[in-house]
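**Student:** Curious how this folds, go ahead:
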Amino acid sequence: MLSMEKQPVIPLSQHTGVTRERFLQNIYPLREPVVLKGIDLGPCTTKWTVDYLSQAAGNKEVKVHVSTVPQMDFLSKNFVYRTLPFDVFVRRAAEAKHTEYFIAEDEKYYLRSLGEDPRKIADLRKQFPVLADDIWIPEYFEKEQFFSTVFRISSAGLQLWTHYDVMDNFLIQVTGKKQVVLFSPRDAPYLYLSGTKSEVLDVDQPDLKKYPLFAKARRYQCHLEAGDILFIPALWFHNVTSLEFGIGVNVFWRHLPSECYDKTDTYGNKDLAAASRAVQILDRALKTLEELPEEYRDFYGRRMVLRIQEKTYSNNYH
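**Tutor:** Reported below is the predicted structural model:
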């Protein structure tokens with residue numbers, strides 16, 4: 001295996017004290033991830049201790065991921081879902097070893113807060129109203145663009161699978177530290193995708209015999225400290241590792257007209273409606289090509305690829 005540390009790492013640019021106007025005029029149009037520092041997030045950065053969260057949010061039941069390995073894989077589902085009272089979950093997530101556990105004493109926990117039922121969108125203000133008052137989310141987008149606010153709480157050392165979302169979002173690191181590795185949408189051909197997720201689980205020590213093209217993917221990276229905000233534009237792949245127990249809040253917003261999005265999307269990760277239709281049409285076209293002998297199928301397949309490149313590829317997109 002080849003360590004990705006031997007390949008160039010592109011550090012994300014950092015900006016301090018960015019105003020709404022500066023973000024919208026100078027940063028947002030570039031469609032590249034950046035780290036925003038020095039933005040007042042309110043009392044959450046000091047108040048959100050384990051004790052405070054346990055008392056404030058109480059024993060409201062939450063559905064959590066429980067894993068015995070540090071690298072969670074959504075494709076093979078190497079974790080289980082369990083339900084815990086919120087206060088119990090927070091205390092367990094902050095521990096390295098557990099006296100009470102589901103699978104193993106060193107199991108790791110991860111919460112991605114859901115809506116009140118699976119068909120509803122996550123909204124911190126509705127699910128955790130007491131905690132929502134503690135965090136001041138930068139209003140860098142119009143209120144009607146708002147989609148969801150998602151609580152993310154993770155045990156130390158837990159790594160989430162590489163994936164993309166179809167909406168822009170802020171990853172607000174309230175407490176703890178994270179490493180985030182990102183890949184440009186243009187590097188999608190090298191990431192061995194299954195839906196919105198990459199099959200390459202270990203981005204630091206990838207199996208290049210199994211995934212040889214992954215070596216071509218350009219690695220962008222940042223380390224988030226408490227109080228930092230990472231802007232992740234739609235379609236940018238990201239892989240997140242919690243370097244220590246920490247609490248984050250994801251804010252998703254629609255940067256395209258609302259009719260572009262799948263109306264059944266509750267997580268912000270279903271492909272745009274037009275994109276889904278296009279893939280269905282492509283699948284039908286490929287099935288039609290199966291009627292041809294191999295040499296013809298090869299020839300017309302290559303012509304289709306060229307046509308897609310001519311009609312869709314942009315030289316201006318990062």
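
**Student:** Between its first and last residues, how far does stretch 283-294 reach?
**Tutor:** 18 Å (Cα to Cα, to the nearest Å).

**Student:** could you show me where the helices are in the stretch 151-300 of the chain, in order?
**Tutor:** Remark: helices assigned in the stretch 151-300 of the chain by DSSP state H, counting those that start in this stretch are 273-289, 294-312.

**Student:** now the angle from the last one to helix 273-289?
**Tutor:** Angle of helix 294-312 versus helix 273-289, following axes from the mean of the first three to the mean of the last three Cα atoms, to 10 degrees, is 160 degrees.

**Student:** picking that back up, mean pLDDT, mean neighbour count and distance to residue 123 for the helices of the stretch 151-300 of the chain - can I get that in CSV?
**Tutor:** Just so you know, the C-beta spots here come from the backbone N, C-alpha and C atoms, and that holds for glycine as well. Shown next, in CSV, are the helices of the stretch 151-300 of the chain (pLDDT from 0 to 100; neighbours: other Cβ atoms under 10 Å; distance: least, Cβ to Cβ, whole Å):
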stretch, mean pLDDT, mean neighbour count, distance to residue 123
helix 273-289, 95, 11, 23
helix 294-312, 94, 11, 35
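
**Student:** looking at the ones you listed, which is closest to residue 30?
**Tutor:** helix 294-312 (20.9 Å; Cβ to Cβ).

**Student:** And the contacts of the closest one?
**Tutor:** Residues outside helix 294-312 that contact it (Cβ atoms under 8 Å, 6 or more residues apart in numbering): 285, 286, 289, 290, 292.

**Student:** Tabulate the helices of the stretch 151-300 of the chain in TSV, adding columns for distance to residue 104.
**Tutor:** Formatted as TSV, those follow (distance: least, Cβ to Cβ, whole Å):
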stretch	distance to residue 104
helix 273-289	39
helix 294-312	47
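
**Student:** closest to residue 146 out of those?
**Tutor:** Closest among the helices of the stretch 151-300 of the chain, using Cβ to Cβ: helix 273-289, at 19.7 Å.

**Student:** any idea how far the closest one is from the chain center?
**Tutor:** 26 Å (Cα atoms, centre = their mean, to the nearest Å).

**Student:** helices or strands up against that helix?
**Tutor:** Counting contacts by 3 or more Cβ pairs under 8 Å, 6 or more residues apart in numbering; DSSP states H and E, helix 273-289 packs against helix 294-312.

**Student:** got a list of what residue 14 touches?
**Tutor:** With Cβ under 8 Å, 6+ apart, residue 14 has these contacts: 34, 35, 36, 37, 222.

**Student:** what's the nearest residue to the fourth one if we skip its chain neighbours?
**Tutor:** Read it as residue 37. Distances taken as Cβ to Cβ, 6 or more residues apart in numbering place residue 16 nearest to residue 37, at 4.7 Å, with adjacent residues excluded.

**Student:** wait, doesn't the one you found sit right on residue 35?
**Tutor:** No. The pair residue 16 and residue 35 fails to qualify as a contact (Cβ atoms under 8 Å) at a distance of 9.5 Å.

**Student:** got the end-to-end distance for stretch 17-27?
**Tutor:** Stretch 17-27: ends 13 Å apart by Cα to Cα.

**Student:** for the residue nearest to residue 37, what are its contacts?
**Tutor:** Counted by Cβ under 8 Å, 6+ apart, residue 16 has contacts 36, 37, 38.

**Student:** quick one: the strands in the stretch 51-200 of the chain?
**Tutor:** Secondary structure of the stretch 51-200 of the chain, counting by DSSP state E, counting those that start in this stretch: strands at 61-67, 80-85, 108-112, 146-154, 168-175, 178-183, 193-194, 197-198.

**Student:** Tell me if I'm right that residue 272 and residue 166 touch.
**Tutor:** Yes. Using Cβ under 8 Å, residue 272 is in contact with residue 166, at 5.9 Å.

**Student:** so what sits against both of these two?
**Tutor:** Counting by Cβ under 8 Å, 6+ apart, the residues touching both residue 272 and residue 166 are residue 261.

**Student:** So for these two, which sits in the more crowded spot?
**Tutor:** In this view residue 272 and residue 166 are compared by other Cβ atoms under 10 Å, and residue 166 has more residues nearby, 22 against 17.
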